[in-house]
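Enquirer: Turn this into a structure:
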Amino acid sequence: MKFMKLGSKPDAFQSDGADVRYVISDLATDVIVHVSEVKFYLHKFPLLSKSSKLQRFVIKATEDGTDEVHIDGFPGGATTFEICAKFCYGMVVTLSPHNVVAARCAAEYLEMTEDVEKGNLIFKIDVFINSSILRSWKDSIIVLQSTKALLPWSEELKVIGRCIDAIASKTSVDPANVTWSYSHSKKGMGCTEIVESTGRTSIAPKDWWVEDLCELDVDLYKRVMVAVKSKGRMSPELIGEALKAYAVRWLPDSYDALVAEDYMRRNQCLVETIIWLLPSDKTSGCSCRFLLKLLKVAILVGAGQHVKEELVRRISFQLHKASVKDLLLPAASPNDGAHDVKLVYNLVQRFVARTAMSHNGGFIEKSDDKMIELNFEQESTLALGELVDGYLSEVASDPDLSLTTFVELATAVPEAARPVHDRLYSAVDAYLKEHPNISKSDKKKICGLIDVKKLSTDASMHATQNDRLPLRLVVQVLFFQQLRAGSSNALALTDSGVHSCAKPPMQDQSDICERRIPRHPNSLSKQATSLSAREVEHRNSEHRGGRNSFKDQLGGFLLQSRSRRIFDKLWSSKGQGENGKGSETSGSSQSPPLSAKPVDVKPSPLPPLRNRRYSVS
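Expert: Model prediction:
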């Protein structure tokens with residue numbers, strides 16, 4: 001920290017209580033100056049020789065027949081006036097970054113210019129500021145902080161503007177030419193001076209200046225960051241890192257402190273300023289998590305609609321990078337539930353529109369090695385599907401979440417984003433568990449979101465035991481499981497050489513995705529093991545040439561409880577249909593027969609040989 005001493009005489013000021021200051025001298029004082037609540041007993045000659053404004057005050061007081069001068073609104077108060085008075089007496093005065101701005105404003109108020117006397121106080125302070133203060137990184141920040149209490153004087157004297165320009169210029173200095181200290185991270189110690197250096201004594205990171213600027217008030221910080229961005233030398237990522245550090249420094253973590261009445265307006269101004277300072281490049285600079293945190297704060301403190309819209313527009317560019325926890329945004333109204341699902345729906349819609357994702361998009365398969373290759377668009381699509389399904393599972397437990405809102409958000413995701421429906425099934429199951437009294441039509445509507453062909457084996461096994469699902473959906477799950485088992489049998493026979501001439505069937509897309517998507521959390525490993533054993537037994541019986549009936553094939557599952565009863569009803573109904581007593585199945589829906597007796601088709605006879613005509617090419 002830089003210092004400057006003025007004068008050479010010893011300090012002769014004394015105090016008589018808290019509101020009286022006087023000078024020890026052989027001469028009696030002849031003027032009393034009132035500054036704020038303090039009275040200064042002084043002499044006219046030293047003061048009038050350096051201040052033209054005091055000259056006018058004394059002349060006016062003499063005309064009024066008094067020796068007292070009253071000064072109202074003096075910049076810096078009585079403490080700063082004492083510095084100016086000591087300078088007039090030639091006493092030792094020490095200027096530092098903490099009091100130099102106040103002394104400069106007071107000297108301007110008293111008109112201590114060069115016209116009154118050469119080498120006056122204004123001239124000496126300006127030399128100190130230009131030659132020392134503005135050359136020091138730390139001192140520039142201290143001086144800038146002190147200017148807020150001296151408005152509008154510090155603004156009119158351009159002290160604020162000069163400090164801001166000096167700080168902004170230093171942030172763009174090559175880090176290799178910056179000498180800095182890590183002592184700012186030690187408890188109880190402040191950051192040491194950071195100045196330009198011709199020699200490389202230590203390597204400073206690119207964001208060496210970020211933490212020091214966090215000490216500025218929000219209005220000064222805004223002006224400094226505008227100057228930094230105007231230089232055009234700072235990357236959007238570094239600007240975003242600086243804004244994030246400032247938000248962490250000043251935004252409270254607790255909900256009560258954030259929405260406290262005494263600090264609500266300050267927090268609102270703070271978050272609006274940070275959003276206004278975000279880099280112009282909406283695709284870089286700030287992480288999606290940081291933007292969602294700002295959006296959450298903006299909702300809680302009641303920020304303007306334009307602020308929220310700007311955040312929504314930026315988040316929509318990188319929504320696939322968010323997490324479920326980040327998306328748990330509070331609802332603006334208590335009647336809308338605990339979370340703002342409609343806002344998330346808006347984000348998903350914008351993301352899908354911006355990335356121009358194809359709803360029919362699939363996987364790109366290389367022709368040489370048959371490896372699945374995902375480009376960036378497909379990776380973001382899959383990430384979006386997992387994010388939305390995870391979010392639905394989290395908010396499904398909200399009793400105030402409407403079915404329409406749930407379905408709208410689930411259908412906002414393209415088909416390509418859900419190669420496997422395990423997470424969606426988990427979300428639907430959670431919603432049905434929390435809302436057991438929904439109507440049959442609503443239950444059918446929400447269960448219609450699930451594609452049973454895209455359920456993994458574990459999820460399918462769980463669905464067959466789930467009493468909350470409609471009967472029709474359980475039948476569809478079991479039917480597809482039987483088809484999958486038959487496909488596995490055909491593949492096993494091909495691998496064993498029975499159909500060596502036939503091409504192996506293509507692998508089911510759901511099986512491909514099962515290896516990439518985690519298993520359903522409610523997997524039934526024991527039943528899966530039992531199912532595999534029954535499939536082996538069923539394959540051996542087919543290999544022996546005996547064709548099992550439809551009921552024997554279903555018996556391979558040997559499922560318990562509800563699933564077994566369903567198939568018993570289906571089999572009994574099928575038997576009645578074959579005996580001519582009816583073909584309708586019991587339950588809420590009909591299922592087509594899995595097998596039917598093939599119809600013999602006789603070929604049409606050829607025409608007589610003599611009527612045939614041959615053409616020779």
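
Enquirer: Please determine how far Phe317 is located from Thr405.
Expert: From Phe317 across to Thr405, the span is 24 Å (CB to CB, to the nearest Å). (Glycine included, C-beta is placed from N, CA and C.)

Enquirer: what ranges of the stretch 401-550 of the chain fall below the confidence cut-off?
Expert: Residues of the stretch 401-550 of the chain meeting the criterion pLDDT under 70: 487-550.

Enquirer: So what's the residue count around Lys342?
Expert: For Lys342, the tally of surrounding residues (other CB atoms under 10 Å) stands at 15.

Enquirer: neighbours around Met91, how many?
Expert: 20.

Enquirer: again but with Thr62, I slipped
Expert: Look at Thr62: counted by other CB under 10 Å, it has 12 neighbours.

Enquirer: same deal with Ala331?
Expert: Residues lying near Ala331 (other CB under 10 Å) number 17.

Enquirer: Wait, it touches Val344, no?
Expert: No. At 10.8 Å, Ala331 does not count as touching Val344 under the criterion of CB atoms under 8 Å.

Enquirer: Now do the residue most central in space within the chain against Arg249, distance only.
Expert: Taking CA atoms, centre = their mean, the centroid of the chain lies closest to Arg289, which sits 2.2 Å from it. Distance, Arg289 to Arg249, by CB to CB: 17 Å.

Enquirer: Also Cys163?
Expert: According to CB to CB, Cys163 and Arg249 sit 20 Å apart.

Enquirer: Give me the more crowded residue out of those two.
Expert: More neighbours surround Cys163 than the other of Cys163 and Arg249, with 27 against 14 (other CB under 10 Å).

Enquirer: Now do the contacts for the more buried one.
Expert: By CB atoms under 8 Å, 6 or more residues apart in numbering, Cys163 lies in contact with 134, 140-141, 143-144, 147.

Enquirer: can you check Glu386 too?
Expert: Arg423.

Enquirer: so it is in which element?
Expert: Element membership for Glu386, per DSSP states H and E: helix 376-395.

Enquirer: mind checking how far that helix is from the chain centre?
Expert: 16 Å (CA atoms, centre = their mean, to the nearest Å).

Enquirer: That helix - what's its average pLDDT?
Expert: Per-residue pLDDT over helix 376-395 has a mean of 88.

Enquirer: And for stretch 20-27?
Expert: 88.

Enquirer: Tell me which residues of that stretch come out buried.
Expert: 21-23 (16 or more other CB atoms under 10 Å).

Enquirer: Measure how far it is from the centre of its chain, please.
Expert: Distance, centroid of stretch 20-27 to centroid of chain: 63 Å (CA atoms, centre = their mean).

Enquirer: what's the span of that stretch from first residue to last?
Expert: The separation between the terminal residues of stretch 20-27, taken as CA to CA, to the nearest Å, is 18 Å.

Enquirer: Tell me where the stretch 251-400 of the chain has helices.
Expert: 255-258, 264-276, 288-301, 305-315, 341-355, 376-395 (DSSP state H, counting those that start in this stretch).

Enquirer: Kindly format the C-alpha coordinates of stretch 251-268 as CSV.
Expert: Output of stretch 251-268 as CSV, limited to C-alpha atoms (Å, rounded to 0.1, in the frame of the first residue of the first chain):
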residue,chain,number,x,y,z
LEU,A,251,-25.8,-14.3,-3.0
PRO,A,252,-26.8,-16.1,0.3
ASP,A,253,-27.2,-19.8,0.3
SER,A,254,-30.2,-20.1,2.6
TYR,A,255,-33.8,-19.4,1.4
ASP,A,256,-34.7,-17.3,4.4
ALA,A,257,-31.7,-15.0,3.9
LEU,A,258,-32.4,-14.7,0.2
VAL,A,259,-36.0,-13.6,0.5
ALA,A,260,-35.6,-11.6,3.7
GLU,A,261,-37.4,-8.3,3.5
ASP,A,262,-34.4,-6.2,4.4
TYR,A,263,-32.2,-7.8,1.6
MET,A,264,-34.8,-8.6,-1.0
ARG,A,265,-34.2,-5.5,-3.1
ARG,A,266,-30.4,-5.8,-2.8
ASN,A,267,-30.6,-9.5,-4.0
GLN,A,268,-32.9,-8.6,-6.8
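
Enquirer: what's next to that stretch, contact-wise?
Expert: Stretch 251-268 is contacted from outside by 218, 270-271, 297, 300-303, using CB under 8 Å, 6+ apart.

Enquirer: Turn these into JSON lines, including neighbour count, pLDDT and distance to Phe3.
Expert: Shown next, in JSON lines, are these (neighbours: other CB atoms under 10 Å; pLDDT from 0 to 100; distance: CB to CB, whole Å):
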{"residue": "Val218", "neighbour count": "15", "pLDDT": "93", "distance to Phe3": "30"}
{"residue": "Leu270", "neighbour count": "22", "pLDDT": "93", "distance to Phe3": "34"}
{"residue": "Val271", "neighbour count": "27", "pLDDT": "93", "distance to Phe3": "39"}
{"residue": "Val297", "neighbour count": "22", "pLDDT": "91", "distance to Phe3": "42"}
{"residue": "Leu300", "neighbour count": "18", "pLDDT": "89", "distance to Phe3": "46"}
{"residue": "Val301", "neighbour count": "21", "pLDDT": "88", "distance to Phe3": "42"}
{"residue": "Gly302", "neighbour count": "12", "pLDDT": "86", "distance to Phe3": "46"}
{"residue": "Ala303", "neighbour count": "21", "pLDDT": "86", "distance to Phe3": "44"}
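
Enquirer: and those residues as JSON lines, adding distance to Ile122?
Expert: Listed next are those as JSON lines, based on distance: CB to CB, whole Å:
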{"residue": "Val218", "distance to Ile122": "31"}
{"residue": "Leu270", "distance to Ile122": "36"}
{"residue": "Val271", "distance to Ile122": "41"}
{"residue": "Val297", "distance to Ile122": "45"}
{"residue": "Leu300", "distance to Ile122": "48"}
{"residue": "Val301", "distance to Ile122": "44"}
{"residue": "Gly302", "distance to Ile122": "46"}
{"residue": "Ala303", "distance to Ile122": "44"}
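
Enquirer: Val477: which of these is nearest?
Expert: Leu300 (43.1 Å; CB to CB).

Enquirer: Let me see the ranges of the strands in the protein.
Expert: Assigned by DSSP state E, the chain shows strands spanning 4-6, 13-15, 20-23, 31-35, 38-42, 68-71, 93-95, 178-179, 195-196, 364-365, 372-373.

Enquirer: among these, which is nearest Ser52?
Expert: It is, among those and with distance given as CB to CB, strand 68-71, at 13.9 Å.

Enquirer: average pLDDT across that closest one?
Expert: For strand 68-71, the mean pLDDT works out to 91.

Enquirer: Against Ala166, how distant is Glu82?
Expert: In terms of CB to CB, Glu82 sits 29 Å off from Ala166.
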